[in-house]
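# Sequence and predicted model, in that order:
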Amino acid sequence: LLILALDPPTGVDAFSWSMRIAEEVGDLVHGVKIGLPLVLDIGLQRVGDLLSVFKGIKIADLKLADIGDVMCLTLERLASIGIDAVIAHAFVGFRGAIDKLSSRCRELGVKLILVVSMSHPGSSEIMDEVIDKLVDVARRACAWGVVAPATRLDVVRYVRSQLPEAKILCPGVGVQGASPGDALCAGADYEIVGRLITRSDSPRRSALEVLEMQRKKLAICRR
Ligand code: XMP
């Protein structure tokens, strides 16, 4: 129930930095999420090499937000390096955008994850004002999953009530303020954790602590 966000800091050798963390925690996490910082630093092919160290779901978080045809071009490149799931923004709408992306995802066997709310405070300025419309895009696309904020558990509960079948993935644990396990208790399927683990003196110990907190909270809330 733990997905590692692998975002290298600026100025490091991103491949060795990522490989060190992958070797420390690759067997503990249930998936890995890569984003633009890593892709820009090391290029897509080497991201593919790195991902082979991880078991579980491999998610590309490039926050796709374009016309459908162009998002499909990006998707095809991501699929070619073994990505299992892609994250796109729901706010681009269904017609001519998410409809095309979701069909191409199905053809390629890649899972589609749509952002319906975000973990930073500004999400309430715009995205949360139209959350029902964003959720509706996810429903129409039959998205495999959605992203909702671990930092706002009421939003996670609301999204769960609206999308009973979808996987909910929640970033915001650790540096952004949420505690491990709380989003799971609010209905999420996975918590996405980055810097709390990757910037720790001991990524392995930190990952084990997150897993232990998740286990303890779930033992109470799912009793
Ligand atoms: P940290 O280091 O804060 O990293 O644990 C969090 C990771 O999750 C991404 N992130 C988000 N992705 N919606 C998303 O789709 C969000 O609300 C959100 N908040 C954080 C971030 O890119 C990083 O990789």
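Perfect, thanks for sending it. Numbers count the residues shown, from 1 in each chain.
# longest helix in the protein, by residue count?
helix 203-221 (DSSP state H).
# quick one: buried residues of that helix?
By 16 or more other CB atoms under 10 Å, the buried positions in helix 203-221 come out as 203-204, 206-207, 210-211, 213-214, 217. To be clear about C-beta, it is placed using only N, CA and C from the backbone, and glycine gets the same treatment.
# any chance of these in CSV, with pLDDT and distance to the ligand too?
Converted to CSV, the buried residues of helix 203-221 look like this (pLDDT from 0 to 100; distance: CB to the nearest ligand atom, whole Å):
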residue, pLDDT, distance to the ligand
203, 98, 12
204, 98, 17
206, 98, 11
207, 98, 12
210, 98, 10
211, 98, 15
213, 98, 14
214, 98, 14
217, 97, 17
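# Residue 62 contacts residue 39, correct?
Yes: Residue 62 is within contact range of residue 39, at 7.2 Å (criterion: CB atoms under 8 Å).
# Check what contacts the helix or strand residue 20 falls within and list those residues.
Assigned by DSSP states H and E, residue 20 belongs to helix 14-25. The contact list for helix 14-25, computed with CB atoms under 8 Å, 6 or more residues apart in numbering, reads 4, 6, 8-9, 32, 37-38, 41-42, 46, 50, 53-54, 197-198, 202-204, 207.
# Quickly note the distance from the residue of the chain found nearest the ligand to residue 73.
Per CB to the nearest ligand atom, residue 194 is where the chain lies closest to the ligand, at 2.6 Å. Relative to residue 73, residue 194 is positioned 27 Å away (CB to CB, to the nearest Å).
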